[in-house]
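Novice: Okay, predicted coordinates and the sequence, questions at the end:
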Amino acid sequence: MDCIFLCPGRYIIRILYTLIPDAQIMLKDHNQAADFATILGAAVHDMKNSLWLLLQNINEVSEELGDTPAGRSLADIQYEAQRLNTGLIQLLSLYRNEYDALPVSLEEQFVDELFDDLVEDSRFYAQRHRVELSIDVDSGLTWFMDRTLINVLLQDVVINALRYAHQRVHLTAVVEDNQLLITVRDDGDGYPDDVLAQMASGEPDIRSGRTGLGLYFAQRIAQGHARHNVAGSIQLSNASQQDDNGMPEHGGILTLQLP
């Protein structure tokens with residue numbers, strides 16, 4: 001089987017060879033991988049700062065444009081900038097994961113605050129594309145998780161759900177059987193059969209493009225959240241009936257399960 005499928009970290013190194021000539025020298029000795037991860041982390045941090053400034057400028061200009069065609073185009077630019085931001089984090093995280101150096105720091109977090117941040121980060125895109133983004137979570141619900149990694153994971157899921165939704169995206173969080181279940185459901189056309197098959201097999205194919213890489217990243221982050229010999233997981237499904245929140249009998253559902 002192709003190493004791209006089994007060893008995404010090494011696949012990333014091959015990409016970096018072509019982008020950064022010095023990487024070939026730096027990685028000549030396998031033991032230098034940790035040093036390169038540090039350099040890569042610093043580069044990602046610098047690029048994230050630039051993207052943050054870009055996103056801030058987009059938000060300022062959007063207030064002036066309002067709900068206009070130009071405003072909606074600007075929302076699309078923001079969407080792509082957020083995807084790039086997430087991609088940078090995924091690149092670094094997957095590289096670290098390849099060398100068992102992906103830090104997962106479990107601390108007690110308020111789930112409603114996590115949801116509030118997700119809504120605020122996606123508010124501009126949702127408003128400009130007239131998609132309702134709603135949440136259902138008990139105030140005061142807490143869970144042990146890596147807030148940064150889970151936020152990046154869910155931000156990627158939410159922004160893509162907004163892109164493919166017709167009118168609504170709904171987030172819920174409940175505790176069942178000592179597990180936190182976070183679901184992101186949209187009213188779009190649902191996940192393609194090949195994507196559902198990949199997740200059912202347990203190995204999203206990163207060769208399938210942005211979707212495969214995002215799902216692979218989500219799966220690794222979920223699995224990194226392990227407690228009492230139980231690991232987290234990601235499940236995909238398509239809606240077959242209307243739910244209690246008024247979501248229609250179609251659309252995609254992603255469920256993040258954390259022990």
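Specialist: It's in.

Novice: CA only for contacts and neighbour counts going forward, please
Specialist: Will do.

Novice: Give me the pLDDT value at residue 137.
Specialist: If you check residue 137, the pLDDT there is 94.

Novice: likewise residue 90?
Specialist: Residue-level confidence at residue 90 comes out at 68, pLDDT.

Novice: do residue 226 as well
Specialist: Looking at residue 226, its pLDDT is 88.

Novice: what do you get for the one 10 residues further on?
Specialist: Residue 236 is assigned a pLDDT of 92 by the prediction.

Novice: how much space is there between it and residue 113?
Specialist: Applying C-alpha to C-alpha, to the nearest Å, one obtains 24 Å for the distance of residue 236 from residue 113.

Novice: Residue 84 too?
Specialist: Applying C-alpha to C-alpha to residue 84 and residue 113 gives a distance of 24 Å.

Novice: all helices of the stretch 151-259 of the chain, in order?
Specialist: Taking DSSP state H, counting those that start in this stretch to define them, one finds helices in the stretch 151-259 of the chain at 193-201, 210-224.

Novice: can you pull the buried residues of the shortest one?
Specialist: Meaning helix 193-201. Buried residues in helix 193-201, counting neighbours by 16 or more other C-alpha atoms under 10 Å, are found at 195, 196, 199.

Novice: Now these in CSV, please, with extra columns for pLDDT.
Specialist: Below are those laid out as CSV (pLDDT from 0 to 100):
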residue, pLDDT
195, 82
196, 85
199, 77
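
Novice: For residue 104, which residues are in contact?
Specialist: Residues counted as contacts of residue 104 (C-alpha atoms under 8 Å, 6 or more residues apart in numbering) are 146, 149, 224, 225.

Novice: re earlier: residue 236 and residue 113: which has the busier surroundings?
Specialist: Taking neighbours as other C-alpha atoms under 10 Å, residue 236 and residue 113 compare with residue 236 leading, 21 against 15.

Novice: The more buried one and residue 197, how far apart?
Specialist: When C-alpha to C-alpha is the yardstick, residue 236 and residue 197 sit 9 Å from each other.

Novice: residue ranges for the strands of the stretch 1-150 of the chain, please.
Specialist: Along the stretch 1-150 of the chain, the stretches classed as strands by DSSP state E, counting those that start in this stretch are 107-110, 132-136, 142-145.

Novice: Out of those strands, which one sits most buried?
Specialist: The highest average neighbour count among the strands of the stretch 1-150 of the chain, using mean count of other C-alpha atoms under 10 Å, belongs to strand 142-145 at a mean of 18.
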